[in-house]
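*Asks:* From the sequence below, what's the structure:
(2 chains)
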Amino acid sequence: GAVVSQHPSWVICKSGTSVKIECRSLDFQATTMFWYRQFPKQSLMLMATSNEGSKATYEQGVEKDKFLINHASLTLSTLTVTSAHPEDSSFYICSARRGGGGETQYFGPGTRLLVL
Amino acid sequence: GENVEQHPSTLSVQEGDSAVIKCTYSDSASNYFPWYKQELGKRPQLIIDIRSNVGEKKDQRIAVTLNKTAKHFSLHITETQPEDSAVYFCAAFLSGNTPLVFGKGTRLSVIA
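*Replies:* Got it, this is the predicted structure:
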């Protein structure tokens, strides 16, 4: 199998605080991880592509200084939402791809963020 | 870049009937087409995929067809059951480290 975990599963925070979300591939090495945001009843919106040991590639319109991504190892990527505001409230989902050229993306269970 | 269109956006069927969801892609170099099922509040789960060297693939009640010439692929669910109710996403993959490009999703409701 290919298991991807995310932590925390949900978080409530005050406006202005920073929130870190972890994404781990549990039984495989993930050279590439992807971060998505999903608003209610909408599709998956790609925020950034993260490659181990290099800077993330952000999609147009996504602020790299607000959404900090660190892919420090082959099994861990983190997304930090800095100075969160209510409009950042969303469902954040990571996805990982095996090393070795596989195409399939395996998704984490998601993190529901609510900023008050 | 690649663009994936998905139709319909919502689909209601009676239990036991078939459901068909269609997607088109723009880049003829795309070579891998997965389908994901996402239940409310949960992660997208891969349910079936097809590569460009194959025209059809079946797994029990689920099948996917690919027409490379027309650049479209479809998901077919037969004998639908209430637990098939979910949002289904199609996607296309081009190459290398590029991410899957997703369609906007189809909300399937199976009415008992």
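*Asks:* what packs against the lowest-mean-pLDDT helix or strand in chain B?
*Replies:* Sorting the helices and strands of chain B by mean pLDDT, DSSP states H and E puts strand B:101-102 at the bottom, at a mean of 93. Contact here means 3 or more CB pairs under 8 Å, 6 or more residues apart in numbering or on different chains; DSSP states H and E; on that basis strand B:101-102 packs against strand B:86-92. Using the backbone N, CA and C atoms, a C-beta is placed for each residue, glycine as well.
*Asks:* and the strand it packs on, which strands flank it?
*Replies:* Using DSSP bridges, the strands paired with strand B:86-92 are strand B:32-38 (antiparallel), strand B:101-102 (antiparallel), strand B:106-111 (antiparallel).
*Asks:* could you give me the average pLDDT of that strand?
*Replies:* Throughout strand B:86-92, pLDDT has a mean value of 97.
*Asks:* Can you say which of the strands paired with strand B:86-92 is packed in most?
*Replies:* Stretch with highest mean neighbour count among these: strand B:32-38 (a mean of 22; mean count of other CB atoms under 10 Å in any protein chain shown).
*Asks:* Which parts of the chain are helices?
*Replies:* Just going to use chain A. Using DSSP state H, chain A contains no helices.
*Asks:* in it, what residue sits furthest out from the centroid?
*Replies:* residue A:100 (21.3 Å; CA atoms, centre = their mean).
*Asks:* so residue B:89 touches residue A:42, yeah?
*Replies:* No - taking CB atoms under 8 Å as the definition, residue B:89 is not a contact partner of residue A:42, at 11.3 Å.
*Asks:* so what's in contact with the two at the same time?
*Replies:* residue B:105 (CB atoms under 8 Å, 6 or more residues apart in numbering or on different chains).
*Asks:* Of these two, which one has the most company?
*Replies:* residue B:89 (25 against 13; other CB atoms under 10 Å in any protein chain shown).
*Asks:* residues contacting the more buried one?
*Replies:* A:43-44, B:6, B:35-36, B:38, B:44, B:102-103, B:105-106.
*Asks:* which residues of the chain score low on pLDDT?
*Replies:* The chain I'm using is chain A. Across chain A, residues meeting the criterion (pLDDT under 70) sit at A:1, A:101.
*Asks:* try it again with 90
*Replies:* Applying pLDDT under 90 to chain A flags the ranges A:1-2, A:30-31, A:40-42, A:51-55, A:71-74, A:98-104.
*Asks:* which residues are there in it that come within reach of chain B?
*Replies:* A:31-32, A:34, A:41-44, A:46, A:49, A:51, A:91, A:93, A:95, A:97, A:103-110, A:112 (CB under 8 Å from any CB of the partner chain).
*Asks:* switch to 10 Å and redo it
*Replies:* Contacts of chain A with chain B, taken as CB under 10 Å from any CB of the partner chain, map to A:2, A:4, A:6, A:10, A:31-36, A:38, A:40-46, A:48-51, A:57, A:59, A:91, A:93-95, A:97, A:101-110, A:112.
*Asks:* Among those, which ones are in strands?
*Replies:* A:4, A:6, A:10, A:31-36, A:38, A:45-46, A:48-51, A:57, A:91, A:93-95, A:97, A:105-107, A:112 (DSSP state E).
*Asks:* No more questions from me, cheers.
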